[in-house]
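Participant: Predicted model and sequence below, questions to follow.
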Amino acid sequence: MPKAYYITTPIYYVNSVPHIGTSLTTVVADICARYRKMRGEDVWFLTGTDENGTRILEAAQGAGEPPQAFVDRISGEFVKAFDALNVGYDVFYRTTSEQHVKAAQALFDLLRKNGHIYEGKYEGWYDVSSETFYKEADLIDGKSPDGNEVRWVSEDNWFFRLSAFEKPLLEHIRKNPGFLLPESRKNEVVAFIGQGLRDMCVTRTNPGWGIPVPGDDSRVIYVWFEALMNYLTATGWPEPGWEKAWPADVHWMGKEIFTRFHATLWPAMLMGAGLPLPKTVIAHGWFVFGDQKMSKSRGNVIAPTELAEEMRSKTGCLPEAAIDAVRYSLAALLPYEGDSNFNRDEVDKRYNADLANDLGNALNRSLSMAHKFVGGTIPAAEPEPEAVSAVCEAKSSYESLMQEFRIDAACQKAIDVARFLNKYVDSRAPWAMAKSGDPALGSVIRSMLVCLRAAEGMVRPFLPWTADAIARQLGLSPLADWSQVGDPESVPPGTRLGDPQPIFPRIEAEKPQDGGKRETVQTQPMKGEATQAGPPSAGLISIDEFSKVQLRVARILEAEPVEGADKLLKLQVKIGGDTRQLVAGIRQDYDPAELIGRQIVVVANLQPAVVRGVESQGMLLAAVDDGGSAILLQPEKEVPEGAKVR
Ligand code: MSP
């Protein structure tokens, strides 16, 4: 039976609803799973909830609900959140399931039979909020090392002979360089084990909630001991067929549950049971808020669906695009080694820079130009080697990064394809080629489409909905096979392209707080509303006054109508390294498609104004003819964008 690639997330405590922190690991694992599935691998992806233990019982009591009803409800919240985030898990596993209870008891029994579990008396401090036992010497000011309250526990219990696994664990870590990642955390584990491991108390007095110790109903299995088992019990173990998934290929988690639990206790348990160890156990850092961890008690919890709704209302994008934007933020901001600050400014910055500017612009302008310059059909010309090799390079770096679990860096490689495409378009200037009848135009347009198709494939694990939208706009079915990424055949000549539709509208700067007066400001003369210039003697200005006006050459990257305003166009223009949005009253004089790629002259230091609810960050210059029509001012020949006009 061929083995599946088995990928897991931690199973989440159901004493708190899902938030950005608990969604991070699941989205990251989903990205790995989707990438492998695209490569044609048989992937099995597990996420789920951890539902036993004192903290859950106490949370249910606090909520005034019977524990089973409580865990069903909150577990359902995780399912809803992960479904909303488009997480394609293969199994959502719960530790109150009959399958888990039976198999966890079987594994406990096997360890006991193998002589690794023995009876004894436990006396020590117990931290309910992390379900962890501590010695007196571990406490700091009477609290757990994490600062949680602890309570004294003294009871007869069962112990796992963890101390016996010190040497075998160190040996396994030494022989398997890819077992614990990243390297810095592996070193922490080696130091932790090196200090000496103590046997661990793995049962508690039965509080009426939990998995009873086989043959001893007065006690339940310690929640961490049976929660770790979920990765194995979910495969169906000990029933036949479990080898199809086990051993896990990768266990993903946050750093706080790595050293003691996933990198030490869990492999020791597997060794004790004579079972193979997971291939890779990897921990990422935390998202912090200032210097705090996200938690319900600190009131800084951000629910992923709330963040998506915020993004949707801020940008006006579709709800599905907003979900992709949240997935993207999680991946791009993933704290791989250290911790990272998760805040909305950072999320917005990434959205505008990577999704709206780089990916969005590349898609829009390429499609608009393909419609305008080659009639909206994929040309038969061969793509240019420069474009094909840029895509191949990005693809191969992306593959290596995915192999090393550097999801944060891999998503940048995907966007790099769009960045390359934008530069390529700027340098090849298809508008100029069209004007001069350059025979290489078809080849340049095909190259642009090959890049877009490759970007579709490379963003797919991160932005599954967006990838489908890109395919649709290309007039193609979704690129399902990884080997097609970068292959010119993936954009077959003769295909009719779809219409360009912006996916990620930019987040505009805060609107001016002036009671909305600027809403009525017009940055361009409207057709029919233009006034004749006054006599030259009236209103003369000095050269100093004139020099305050910064006139610059800009290139139009995108043009689209402003909804509900039949005279206005919204333009994205490039001035030097900057992209700006302008609103101009030229809709009755110019078709948006014919504007793309043109150089114009703009006033670059005009205060932003809001026109029909859309922000305008400058003004373009146009002559006005007798009939009041606007005629754009354009440099006589191409100059670098941002060039001064005097
Ligand atoms: N139930 C245990 C895990 C048992 S696995 C056999 C548990 N659950 S938890 O609900 O507390 O989830 C912890 C996990 O959520 C972390 O390991 C990490 O994957 C994720 N995160 C929760 N908050 C986080 C941040 N603020 N930042 C990053 N990851 C975070 O521990």
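Facilitator: Nice, I can see it. Residues are numbered from 1 along each chain as shown.
Participant: Give me every residue in the stretch 151-300 of the chain lying close to the ligand.
Facilitator: Within the stretch 151-300 of the chain, the positions near the ligand by C-beta under 6 Å from any ligand atom are 227, 228, 230, 253, 254, 256, 257, 286, 287, 293, 294. Where C-beta positions appear, they are placed from N, C-alpha and C, glycine not excepted.
Participant: I meant to write the chain there.
Facilitator: 10-13, 21-22, 24-25, 50, 227-228, 230, 253-254, 256-257, 286-287, 293-294.
Participant: now, which of the residues of the stretch 151-300 of the chain next to the ligand sits nearest the ligand?
Facilitator: residue 254 (2.7 Å; C-beta to the nearest ligand atom).
Participant: give me the beta-bridge partners of that closest one?
Facilitator: Listed by DSSP bridges, the beta-bridge partners for residue 254 are residue 284.
Participant: Domain ranges for the protein, per the record?
Facilitator: Under automatic domain parsing, the residue ranges defining each domain of the chain are 5-284, 341-490, 516-646.
Participant: Including distance to residue 298, could those go into JSON lines?
Facilitator: Conversion of those to JSON lines gives the following (distance: least, C-beta to C-beta, whole Å):
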{"stretch": "domain 5-284", "distance to residue 298": "11"}
{"stretch": "domain 341-490", "distance to residue 298": "13"}
{"stretch": "domain 516-646", "distance to residue 298": "35"}
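Participant: Of the ones you listed, flag the one that's most buried.
Facilitator: For the domains of the chain, ranked by mean neighbour count under the definition mean count of other C-beta atoms under 10 Å, the leader is domain 341-490 at a mean of 20.
Participant: In this structure residue 584 contacts residue 567, no?
Facilitator: No - taking contact to mean C-beta atoms under 8 Å, the distance of 9.3 Å between residue 584 and residue 567 leaves them out of contact.
Participant: Go through the residues of the stretch 151-300 of the chain next to the ligand and flag which are in helices.
Facilitator: Counted as lying in helices by DSSP state H, out of those, are 227, 228, 230.
Participant: With adjacent residues omitted, what lies nearest to the second one?
Facilitator: Meaning residue 228. Distance criterion C-beta to C-beta, 6 or more residues apart in numbering; nearest residue to residue 228, sequence neighbours excluded, is residue 266 at 4.5 Å.
Participant: OK, contacts around the one you found?
Facilitator: With contacts defined as C-beta atoms under 8 Å, 6 or more residues apart in numbering, the neighbours of residue 266 are 228, 231, 251, 278, 281.
Participant: picking up where we left off before, out of the residues of the stretch 151-300 of the chain next to the ligand, which is nearest to residue 494?
Facilitator: residue 287 (47.4 Å; C-beta to C-beta).
Participant: ok, then the element right after the helix or strand of the chain with the lowest mean pLDDT?
Facilitator: None of the helices or strands of the chain scores lower by mean pLDDT, DSSP states H and E than strand 292-293, at a mean of 69. Secondary structure here is assigned by DSSP states H and E; on that basis, the next helix or strand after strand 292-293 toward the C-terminus is helix 304-315.
Participant: contact partners of that following helix?
Facilitator: Helix 304-315 is touched from outside by 18-20, 23, 81, 84-85, 317-319, 321-323, 325-326, 329, 344, 347-348, 351, 356, 504-507, with contacts defined as C-beta under 8 Å, 6+ apart.
Participant: so what's the backbone phi/psi at the residue nearest to residue 228?
Facilitator: Phi and psi for residue 266, reported as degrees, to the nearest 10, are phi -60, psi -50.
Participant: how far away is it from residue 116?
Facilitator: Distance from residue 266 to residue 116, counting by C-beta to C-beta, to the nearest Å: 14 Å.
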